[in-house]
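>>> my questions are about this predicted structure, shown below with the sequence.
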Protein chains: 2
Amino acid sequence: MTTATTTPIVARTRAELAAGLSRPGRVAFVPTMGALHEGHASLMRSARDQVGPDGSVVVSIFVNPLQFAPGEDLDRYPRTFDDDLDVCGREGVDVVFAPTVSEVYPGGVSAGITTESVTVDPGPLGDVLEGASRPGHFRGVLTVVAKLFGLVRPDVAVFGEKDYQQLALIRLMVSDLCLGIEIVGAPTDREPDGLARSSRNRYLDPVQREQAVALNRALRRAADAADQGYAAALAAGQAELQRSAGIDLDYLEIRATDLAELPVDATPGTSARALIAARVGTTRLIDNLALTIGEPATLTSSTEGSN
Amino acid sequence: MTTATTTPIVARTRAELAAGLSRPGRVAFVPTMGALHEGHASLMRSARDQVGPDGSVVVSIFVNPLQFAPGEDLDRYPRTFDDDLDVCGREGVDVVFAPTVSEVYPGGVSAGITTESVTVDPGPLGDVLEGASRPGHFRGVLTVVAKLFGLVRPDVAVFGEKDYQQLALIRLMVSDLCLGIEIVGAPTDREPDGLARSSRNRYLDPVQREQAVALNRALRRAADAADQGYAAALAAGQAELQRSAGIDLDYLEIRATDLAELPVDATPGTSARALIAARVGTTRLIDNLALTIGEPATLTSSTEGSN
C-alpha cells in the first residue's frame, strides 16, 4: 500500500479548493480534524481504493468549533499541521483543504454556537449515547459535514467506524437529505494492545495509556459473552470495567447496528454493537465493537448488572 | 415569451427523474406544490431565462406534508395535476417531477412530523412572522427543498417573492450549508386589482375574493406613507385594514429586507419590506411589498398605531 510521497495541493479558501478540484474523475473525501494518525492514513487508503489512481482524494483538516460544547477541549485539541501534511503526502492525497474558521462559518461561530441561521438537526439519534453526554455535538458534526460536502462535492466519503454513531448519523443525513454521496465506513485502527487509535490518545500520560485499554477489553469481554445473550454480554463488559483502575465510565451499551435499543431478550443471531465512553483522567475516550447476540443459557442466570 | 407547447417528461420516481435529467447543459429548477397559476408560469419563464434553450427547466409538483401543521389545509390543498401539466407544457418545461409522498419520504411523514431522522433547522428566522403562526412550517419547507435540491441537482432555482420569508430562508440555507445553487427571486404576480396570485385564492368565495384585496391595499398604503417614516407607514397600513371588512389580521410588520427587526427610528433611505398575513373567511393569505423608509415629518406626528 506504500505510495511515493506526493505534495498535496493545500487549499486554504473555498476558491483554492475549487481550483484544486478541477481534475476530472471521481472524488473521494476524508473529513478530519487533523492530528492525523495511522487510523486516518487507513481512511485515506480506503478513499484511494474507492476512486483509483485517476480519481482525486481530498482530505479536510478543520477543528470544527460547532461540535464542541463550551468547556470541552476545543482550545487544547492538538493542531499538528506540518505532520498532518506529511501523512497526507505519504498517502498520495491530492488536495488538503485546511480552511480557517471564518472560511467555513463566515457568519460566525464559537464552541457549540453558530450565529449563522440554518443547521442540520440530527433528530432523535443525535440525543442518545454521545449526544446525551455532548449536547449539540451531532448538530455541529452534521452541519460542518454538510458544509464540507457542499464545498468538496465528493462522489464518496470515508468515515471511521471508531465514531460509530457519527457514521450512522452521516448515513442518515445522506439518505434523509438526498445528498447522493456514497458513505464508506472503515474499520477502527487499533494499537497492538487493542486501544482504538484517536487523536485524543495524545492527552494520556503513560499510566493512563495503560489504563485506557480497559475500554477495548470491556468490549471484547462483552462480545465474547454475547453468545449467552444480551444481559450476559452487558454484565461481562461491566464486570471487566469494575476490575479496571482509572476508568470513569460514561456509558457501556449494547444496541442494534442502527443504534436502536435492544430488548433484553433480543433474538438470537441479532447483529449488534457494543459502545463505550469513559474518561481516563480528564481525557474522554470512546470505542465500539461488533457482536452477535446468542441464546441465553437459562432465563435466571446472567442477569447481574442488566438494566 | 410564448413557447410552442411541449410535452414534458413526467418523472414519478427518483430513477425516472435521474433518467429525465440526462441531458447536458445547465438545469433550472422551480419547486411547486402544484395548483399552478400564472404566477408559477412566470417562475418557469424566469427559469428558462436562466439556462437558455440548451438548458433544462425542471418543475416539481409535490404537496409536502412536512410543511403543514396538523389542522392546516394539507388534505384540501388543491390537486390539479392535468391542468398543471398543461401549464408546464405551455411554458416549455423539460421535466416535471411529481413524486409520491413515500418517494420523497421513504422513512415516513405525516402533517408536520417526519419519522425520518435528519431535518434542516431554519434557526431563529424560522420562528418569526410565518414561523410564529405556523410552527414547524419552515423546517418542513427547508427539509423538502434540500431533498429536492439533492435529487434535481440544479444550477439555479427560482422562488417567488410572494413567499418572501421562504425565499430569505432558502437563501440562508444555500449559504449556510454551502449548497452551491444560485437562488433567483421572482417578483410577485398579481391580479389586476392587486391581489397576489396564490393557489389558495381558489378557496375564496366571490365576496371574500373582493375582501382579500385589502391585504395588498394595506401594503400599498404603508409603502405610500413610508416616506414619512417607519411608524407612519405601519399606521397607514393598519388604518387601511381597520377600514376593510372580512379581514382577520395575523400580522402586519415592516422589517429590513433580510427580515431583521427595524427600529422605529430607522435611518431614512433604509430599504425595507412590509409583510402581511390574514385570514379571509377560513383562508389564510400572505403578501409583501418593498418600501423605502423616509424621514419622519415630526417626532410627535404619525405615532398612532405604532407598537
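That came in fine, so what should we check first? Numbering: from 1, shown residues only, chains lettered A, B, ... in the order given.

>>> going forward, measure contacts between C-alpha atoms and count neighbours the same way
OK.

>>> pLDDT of stretch A:98-109, averaged?
Mean pLDDT, stretch A:98-109: 96.

>>> what comes up buried for it?
For stretch A:98-109, burial by neighbour count (16 or more other CA atoms under 10 Å in any protein chain shown) applies to A:98, A:99, A:104, A:105, A:109.

>>> and what of stretch A:131-138?
Those would be A:131, A:134, A:135, A:136, A:137, A:138, for stretch A:131-138 by 16+ other CA under 10 Å.

>>> what's the answer for stretch A:257-266, then?
Quick answer for stretch A:257-266 (16+ other CA under 10 Å): A:257, A:259, A:262, A:264, A:266.

>>> for chain B, state which of the residues you listed is nearest.
residue A:259 (12.5 Å; CA to the nearest CA).

>>> phi, psi of the closest one?
phi 70, psi 10 (degrees, to the nearest 10).

>>> now distance to chain B and pLDDT too, for the buried residues of stretch A:131-138, in JSON lines please.
Converted to JSON lines, the buried residues of stretch A:131-138 look like this (distance: CA to the nearest CA, whole Å; pLDDT from 0 to 100):
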{"residue": "A:131", "distance to chain B": "14", "pLDDT": "97"}
{"residue": "A:134", "distance to chain B": "18", "pLDDT": "96"}
{"residue": "A:135", "distance to chain B": "16", "pLDDT": "94"}
{"residue": "A:136", "distance to chain B": "13", "pLDDT": "95"}
{"residue": "A:137", "distance to chain B": "14", "pLDDT": "97"}
{"residue": "A:138", "distance to chain B": "11", "pLDDT": "98"}
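
>>> kindly export stretch A:146-164 (C-alpha atoms) in CSV.
Only the C-alpha atoms of stretch A:146-164 are listed here, as CSV (Å, rounded to 0.1, in the frame of the first residue of the first chain):
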residue,chain,number,x,y,z
ALA,A,146,-22.9,19.1,5.1
LYS,A,147,-20.9,22.3,4.5
LEU,A,148,-17.8,20.3,3.6
PHE,A,149,-19.8,18.0,1.3
GLY,A,150,-21.2,21.1,-0.4
LEU,A,151,-17.7,22.6,-0.9
VAL,A,152,-15.9,19.4,-1.9
ARG,A,153,-18.8,17.7,-3.8
PRO,A,154,-17.4,14.2,-3.4
ASP,A,155,-18.7,11.1,-5.0
VAL,A,156,-17.7,9.1,-2.0
ALA,A,157,-16.7,10.0,1.6
VAL,A,158,-14.9,7.8,4.1
PHE,A,159,-15.5,7.8,7.9
GLY,A,160,-14.1,5.6,10.6
GLU,A,161,-16.2,3.1,12.5
LYS,A,162,-14.4,4.4,15.6
ASP,A,163,-17.0,7.1,15.7
TYR,A,164,-19.8,4.7,15.1
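
>>> residue numbers of chain A in contact with chain B?
A:105, A:116-125, A:143, A:146-148, A:150-151, A:172-173, A:176-180 (CA under 8 Å from any CA of the partner chain).

>>> could you rerun that using 6 Å?
In this structure, chain A approaches chain B at residues A:117-123, A:147, A:150, A:173, A:176-179, judged by CA under 6 Å from any CA of the partner chain.

>>> dump these to JSON lines, plus secondary structure.
Below are the residues of chain A next to chain B laid out as JSON lines (DSSP: H, G, I helix; E, B strand; the rest coil):
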{"residue": "A:117", "secondary structure": "coil"}
{"residue": "A:118", "secondary structure": "coil"}
{"residue": "A:119", "secondary structure": "strand"}
{"residue": "A:120", "secondary structure": "strand"}
{"residue": "A:121", "secondary structure": "strand"}
{"residue": "A:122", "secondary structure": "coil"}
{"residue": "A:123", "secondary structure": "coil"}
{"residue": "A:147", "secondary structure": "helix"}
{"residue": "A:150", "secondary structure": "helix"}
{"residue": "A:173", "secondary structure": "helix"}
{"residue": "A:176", "secondary structure": "helix"}
{"residue": "A:177", "secondary structure": "coil"}
{"residue": "A:178", "secondary structure": "coil"}
{"residue": "A:179", "secondary structure": "coil"}
